[in-house]
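Q: Sequence first, predicted coordinates after that:
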Amino acid sequence: MQPRVAVVGSTMVDLIAYVSRAPSAGETVLGDDFRIGFGGKGANQAVMARLLGADVAMVNALGDDVFGTMTMANFETLGIDTSHVARVPGASGVAPIWVEADGANRIIVVPGANGAMRPEDAVIALEALAPLDVVIGQLEIPQAVTAAAFAAARALGAKTVLNPAPAADLDPALLAAADWLIPNETEFARLSGSSSEATDAEITAFAAAAGARVVVTLGSRGAALLGADGVVRRIPASAVRAVDTTGAGDAFIGAFAYGLAAGLTEEAAVGLGVRCATESVLRPGTQSSFPRGDRTLELLAGRD
Ligand code: RIB
């Protein structure tokens, strides 16, 4: 059977401006390029897991606007189950993004319809979608929805993976239902109250306090996995020249979730996540930058 993954999370349409230098307050600068693409941390993670071969369902709410219609068509083209993607009155989520010359980004998320998701609908969706191997969540929809979904997922025998992004304090009910916590360095510093360097001791202490398994993503330095044996292993990324880092963290999460669902070792799942994230920074755009086709087979085989 194919690995089965559900994402209870966000969708956005990304409005990306490429600039050599971001403007200061009150300043106007000329941009170099502009793209509209499919985004949202939840949708991006769903797409990466799907491109690697998982059977993926999205649980989400879209607006009744053209962005909602385009997003639904994108999921369907990719073969993602949309039977639990609702359409609600109003605007779909959007994300204005600036990408500077070194590939670094600044993102504003306007959740729109993502904020209309309800806990009871997420629970009904997961019960209908079971059996599931992994359920993924982020923080771009109400935390109460993700908390209810994770509790249901656990009761159904699925592993839960929380990407606590964008950085925010966590609802205790959500934290209690998360098997895996996967922050980046900034989110790790916010949640743990420690340095953004994510030392081995800080990661170990954070996991003990959270009561969850932990991976910290480290951008161009790869990721740190706290193993079940209590040892922190650092999985490096290949050195590349980044064009656009938007969605790289989501490529990691989607690939890691695929790996867990497919029965890879945890270290192999992290390695796959690092390779997919590294590949995604080589091209502009969010989902459009993710590896596909034969390239996914190479990445699955462990080749950079
Ligand atoms: O992680 C990148 C994503 O964050 C973008 O696609 C944007 O939509 C925001 O959700």
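A: On my side now, so go ahead. Numbering: from 1, shown residues only.

Q: where does the residue of the stretch 201-304 of the chain found nearest the ligand fall, phi/psi-wise?
A: With Cβ to the nearest ligand atom, the shortest gap between the stretch 201-304 of the chain and the ligand falls at Thr286, namely 4.2 Å. The way it works is simple: take the backbone N, C-alpha and C, and place the C-beta from them, glycine included. As for Thr286, its main-chain torsions (degrees, to the nearest 10) stand at phi -100, psi -90.

Q: How many residues are close by it?
A: Look at Thr286: counted by other Cβ atoms under 10 Å, it has 30 neighbours.

Q: what helices or strands is whichever helix or strand Ala153 is part of leaning on?
A: Using DSSP states H and E, Ala153 falls within helix 143-155. Counting by 3 or more Cβ pairs under 8 Å, 6 or more residues apart in numbering; DSSP states H and E, the packing neighbours recorded for helix 143-155 are strand 4-8, helix 119-129, strand 134-137, strand 159-162, helix 172-176.

Q: Now tabulate these in CSV and tack on mean neighbour count.
A: Output for these, formatted as CSV (neighbours: other Cβ atoms under 10 Å):
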stretch, mean neighbour count
strand 4-8, 29
helix 119-129, 18
strand 134-137, 31
strand 159-162, 25
helix 172-176, 16
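
Q: quick one: which of those is nearest Gly93?
A: strand 4-8 (14.0 Å; Cβ to Cβ).

Q: Give the helix, strand or coil label for the residue positioned nearest the centre of the chain.
A: In the chain, the C-alpha nearest the mean C-alpha coordinate belongs to Asp250, at 3.3 Å (Cα atoms, centre = their mean). Classification of Asp250 by DSSP: H, G, I helix; E, B strand; the rest coil places it in helix.

Q: residue contacts, the nearest residue to it once chain neighbours are set aside?
A: The shortest distance from Asp250 to any non-neighbouring residue, by Cβ to Cβ, 6 or more residues apart in numbering, is to Asn44 (3.5 Å). Shown in contact with Asn44 (Cβ atoms under 8 Å, 6 or more residues apart in numbering): Phe38, Gly247, Asp250, Ala251, Gly254, Thr286, Gln287, Phe290.

Q: about what we covered before: Serialize the helices and strands packed on helix 143-155 to TSV and add fields for distance to the ligand and mean pLDDT.
A: Compiled in TSV, the helices and strands packed on helix 143-155 are given as follows (distance: least, Cβ to the nearest ligand atom, whole Å; pLDDT from 0 to 100):
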stretch	distance to the ligand	mean pLDDT
strand 4-8	12	98
helix 119-129	18	98
strand 134-137	13	98
strand 159-162	15	98
helix 172-176	18	97
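
Q: Return the residues of the protein in contact with the ligand.
A: Proximity of the chain to the ligand (Cβ under 6 Å from any ligand atom) is limited to residues 10, 12, 14, 39-41, 44, 95, 107, 109, 140, 246-247, 249-250, 286.

Q: Look at the residue nearest to Pro284 when sequence neighbours are not counted and tell me its secondary structure.
A: For Pro284, ignoring the flanking residues on the chain, the nearest one in space by Cβ to Cβ, 6+ apart is Asp244 at 4.5 Å. Here Asp244 is coil, with the state taken from three-state DSSP.
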